[in-house]
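A.B. asks: Need a 3D model of the sequence below.
(one chain, ligands or ions: 3)
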Amino acid sequence: MMKHMLSLYFVMGSVDCTKNPLVVLDEAIEGGITMFQFREKGKGALTGLEKYRLAEQLFERCRARNIPFIVNDDVDLALALQADGIHVGQEDEAAERVRDRIGNKYLGVSVHNLTEVKKALAAHADYVGLGPIFPTVSKDDAKQVCGLTMIEHIRAHEKHVPLVAIGGITEQTAEQVIKAGADGIAVISAICRAEHICEQTKRLYEIVMRTKQEGDR
Ligand SMILES: Cc1ncc(COP(=O)(O)OP(=O)(O)O)c(N)n1
Ligand SMILES: Cc1nc(C(=O)O)sc1CCOP(=O)(O)O
Ligand SMILES: [Mg+2]
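C.D. replies: Ligands and ions are numbered 1, 2, ... in the order given. All right, here's what the predicted structure looks like:
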């Protein structure tokens, strides 16, 4: 179940959108996203009550369509909303502590190498987010690009870990990412910056599903 949910993971906050984030999410849901992460950060990001209100409205839309709603970084917000899960990175609240706080909600952890994957699994993460696979325009403090070879390396040593790849993934590269061993792609700009969000999301979904099917996954 978890692996299917990772197939087309849409990550977004108001800063990433050139139009109303609620409309962007509606169109992306219509196009077939399988999971959503509320990531409200960067220059001009909402805080406090405004952030909470936007999260609440986005969550409502996900709930209506059975799309898992994950909160980035902010464990208090995830708990207050009773969100489906939380995603934390290596510099955020420690995964072990987050697991203790959230019980059996989904826990995603960002990783950059095999050692971090093993640590995330020891902390009972449900999935790992590996990146940046390619250069990204959506995260100022992204680490060095790890490329498709890091997906292959991790998959060779951890055959079953639910792994979603992130960072600079587009319609042109999604197939290679899945072929390298990822269970799905996580994207911001490939959806947010598309002229026709629903159609673009459908294309990404189709590429991921076809490639997984061809690989019998
Ligand atoms: C699915 C997914 N993978 C990785 C990240 C990055 O998390 P992190 O390294 O904590 O960076 P920020 O997103 O918090 O800036 C992610 N958010 N989602
Ligand atoms: C949120 C995030 N995390 C990354 C990581 O490497 O962990 S890269 C990234 C940004 C992804 O946006 P885009 O699809 O526009 O490149
Ligand atoms: Mg983080």
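
A.B. asks: Please make it C-alpha for all contacts and neighbour counts, starting now.
C.D. replies: Fine.

A.B. asks: Pretty sure Pro21 sits against Gly13.
C.D. replies: Yes. Between Pro21 and Gly13 there is a contact at 7.2 Å, judged by CA atoms under 8 Å.

A.B. asks: Mind checking which of those two has more residues around it?
C.D. replies: Gly13 (23 against 19; other CA atoms under 10 Å).

A.B. asks: any idea how far ligand 1 is from the closest residue in space to the more buried one that isn't next to it in sequence?
C.D. replies: Among residues not flanking Gly13 along the chain, Glu40 sits closest, at 4.4 Å (CA to CA, 6 or more residues apart in numbering). Remark: distance between Glu40 and ligand 1 (CA to the nearest ligand atom, to the nearest Å) = 9 Å.

A.B. asks: Against Lys202, how distant is Glu40?
C.D. replies: Using CA to CA, to the nearest Å, we find Glu40 at a distance of 24 Å from Lys202.

A.B. asks: higher neighbour count, these two?
C.D. replies: A direct count of neighbours by other CA under 10 Å for Glu40 and Lys202 places Glu40 higher, at 23 against 18.

A.B. asks: was I right about that one contacting Val11?
C.D. replies: No. Contact criterion CA under 8 Å: Glu40 and Val11 do not qualify, at 9.6 Å.

A.B. asks: If Met12 is in a bridge, with which residues?
C.D. replies: Taking DSSP bridges, one obtains Phe38 as the residues bridged to Met12.

A.B. asks: mind checking how far it is from Arg97?
C.D. replies: The value you get for Met12 to Arg97, if CA to CA is used, is 25 Å.

A.B. asks: If you count surrounding residues, which of those two has more?
C.D. replies: Set Met12 next to Arg97 and count neighbours by other CA under 10 Å: Met12 wins out with 24 against 10.

A.B. asks: ok now do the more buried one, which residues does it touch?
C.D. replies: The contact partners of Met12, by CA atoms under 8 Å, 6 or more residues apart in numbering, come to 36-40, 188, 192.

A.B. asks: all strands for this structure, in order.
C.D. replies: Under the criterion DSSP state E, the chain contains strands at 8-12, 35-38, 69-72, 85-88, 106-111, 127-130, 163-166, 184-187.

A.B. asks: Please see if the third one touches ligand 2.
C.D. replies: No. Using CA under 6 Å from any ligand atom, strand 69-72 stays clear of ligand 2, coming no nearer than 9.0 Å.

A.B. asks: Now do the same contact list for whichever residue of the chain sits closest to ligand 1.
C.D. replies: Distance from ligand 1 to each residue of the chain (CA to the nearest ligand atom) is smallest for Gly89, at 3.1 Å. Contacts of Gly89 were listed using CA under 8 Å, 6+ apart, and they are 73, 109-111.

A.B. asks: Go again with 10 Å.
C.D. replies: Gly89 is in contact with 72-73, 95, 108-112, 128-129, counting by CA atoms under 10 Å, 6 or more residues apart in numbering.

A.B. asks: returning to that earlier point: neighbour-wise, which of the contacts of Met12 leads?
C.D. replies: Phe36 (27 neighbours).

A.B. asks: quick one: the worst-scoring helix or strand of the chain on mean pLDDT to chain centroid distance?
C.D. replies: One helix or strand of the chain scores below all others by mean pLDDT, DSSP states H and E: helix 2-5, with a mean of 94. Averaging C-alpha positions (CA atoms, centre = their mean, to the nearest Å) puts helix 2-5 12 Å from its chain's average.
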